[in-house]
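[1] model this:
(one chain, ligands or ions: 1)
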Amino acid sequence: MPETITRACGHTTEFTPKGDQYDEARREKCRRKRCPECGKAKNEADNAAQKENPQRAGSGRIKKGQEVKHLPVETVLMLWRKADGSWEGKLLTAEDPAVTADANGLMSVVQKLARAWLKSQGAKLQGKS
Ligand SMILES: [Zn+2]
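    Next up, the predicted model:
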């Protein structure tokens with residue numbers, strides 16, 4: 001028997017329980033999410049906001065791996081290799097707050113610097129930090 005579930009956006013969806021132990025979890029997931037139309041609208045609004053103001057990252061969501069692309073034009077990084085072979089880096093164009101990071105790999109340190117800068121600008125990052 002299909003049930004009617006109210007989504008996070010206020011719209012309702014039909015939900016058909018499968019009769020196994022995961023029904024309640026699926027119901028809960030359904031309640032927490034927007035309906036497909038509203039999800040799509042939200043996504044488009046986010047993308048538009050991002051296009052308009054790429055530096056500030058709009059309503060905020062930046063995908064993992066895309067951080068570097070959100071650094072401002074003319075960002076200058078300084079990277080130096082440490083005695084143990086790991087890398088340390090600093091964003092020379094960011095002073096307040098200062099942005100520094102260290103990592104074993106060169107690309108990881110660049111990524112970490114970008115994430116740290118974005119966080120200092122109030123961006124919400126997706127995935128683990
Ligand atoms: Zn909706």
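[2] what's stretch 21-34 in contact with?
    Contacts to stretch 21-34, defined as Cβ atoms under 8 Å, 6 or more residues apart in numbering, come from residues 3, 5-9, 11, 13, 15, 17-18, 39, 42. Where C-beta positions appear, they are placed from N, C-alpha and C, glycine not excepted.
[3] at 7 Å instead, please
    5-9, 13, 15, 17, 39, 42 (Cβ atoms under 7 Å, 6 or more residues apart in numbering).
[4] quick one: buried ones out of the residues you listed?
    5, 7 (16 or more other Cβ atoms under 10 Å).
[5] greatest separation within the contacts of stretch 21-34: which pair is it?
    Pro17 and Lys42 (26.9 Å; Cβ to Cβ).
[6] which bits of this protein sit near the ion?
    For the chain, the residues in contact with the ion (Cβ under 5 Å from the ion) are 9, 11, 35, 38.
[7] what do you get if the cut-off is 6 Å, keeping everything else the same?
    7, 9, 11, 34-35, 37-38 (Cβ under 6 Å from the ion).
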